[in-house]
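Participant: Sequence plus the predicted model coming up.
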Amino acid sequence: VVVVGAGCIGGAIARELSKYQLSVLVLEAADDVSQGATKGNSGIVHSGYDDKPGSLHAKFCWPGNQMFSQLDKELRFGYQKNGSLVLAVNEDEIKILEDLKKRGETNGVKHLRIINQKELRELEPAVSPNAVAALHSPSAGNVIPYEFAIALCENAADNGVEFRTRRQVT
C-alpha cells in the first residue's frame, strides 16, 4: 500500500495500516515529515459544534475528538484538552450561541454549555470585558501539528512502514 504525504493524515493512515500484515510505503515530497499542510495547521482539536449536520465533518469530528486522549497516552505528542469558548458580546449574539449548541448536540457533541458572564470570568479572567456569555466546549483541545505528525510517523516506522522523502507524486 502506498500512502502519499507524511503529515497528520498520511501519518495517521500509515500508523493504522502498520497494525496489519501489509507492506506500506509513505512517499513525501518534502525533505521530512510534516512539511506540507500540517506545518501551517492551527492544531485545534475541534469538538464539532460548528459542523453542518449530516456532513462528513459532523459525522467524524466528535468521535475523532474523543480519540486524542488515548492517542496521546500511546504516542506522547503533547495533546492539551483545554476546551474552547465562543463569546457573545451582546444579548443578540446569545442566540448564535444557542444555535451552535443545538447544532453541536445534533452532531452528537457532549458537554456543551452556555455560560453566563460571571462563570465566564471565573473560567477565563482575562476575557474581554465586553463578553456577556459564551458557549463552552470542554472537550476541545490542541496539539502542535508537527509533533503530532512526527509521533504518528515514528510509530508507523517503528512498526515497519517505509518512508521515502523527496519523492513527489504527480
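Facilitator: Great, that's in hand.

Participant: gap between Lys118 and Pro125?
Facilitator: 12 Å (Cβ to Cβ, to the nearest Å). Backbone N, C-alpha and C define where each C-beta goes, glycine included.

Participant: tell me, what residue is most central in the chain?
Facilitator: Val45 (2.6 Å; Cα atoms, centre = their mean).

Participant: isn't it right up against Pro145?
Facilitator: No - Val45 is beyond contact range of Pro145, at 10.4 Å (criterion: Cβ atoms under 8 Å).

Participant: just the helices in the protein please.
Facilitator: For the chain, the helices defined by DSSP state H cover 8-17, 56-75, 91-106, 117-123, 145-158.

Participant: Rounded mean pLDDT for the shortest one, please.
Facilitator: For helix 117-123, the mean pLDDT works out to 96.

Participant: what comes up buried for that helix?
Facilitator: The neighbour-count check on helix 117-123 (16 or more other Cβ atoms under 10 Å) flags Leu120 as buried.

Participant: How far off centre is it?
Facilitator: Its chain's average C-alpha position is 26 Å from that of helix 117-123, according to Cα atoms, centre = their mean, to the nearest Å.

Participant: Same check on the first one?
Facilitator: Helix 8-17 has its C-alpha centroid displaced from the chain centroid by 15 Å (Cα atoms, centre = their mean).
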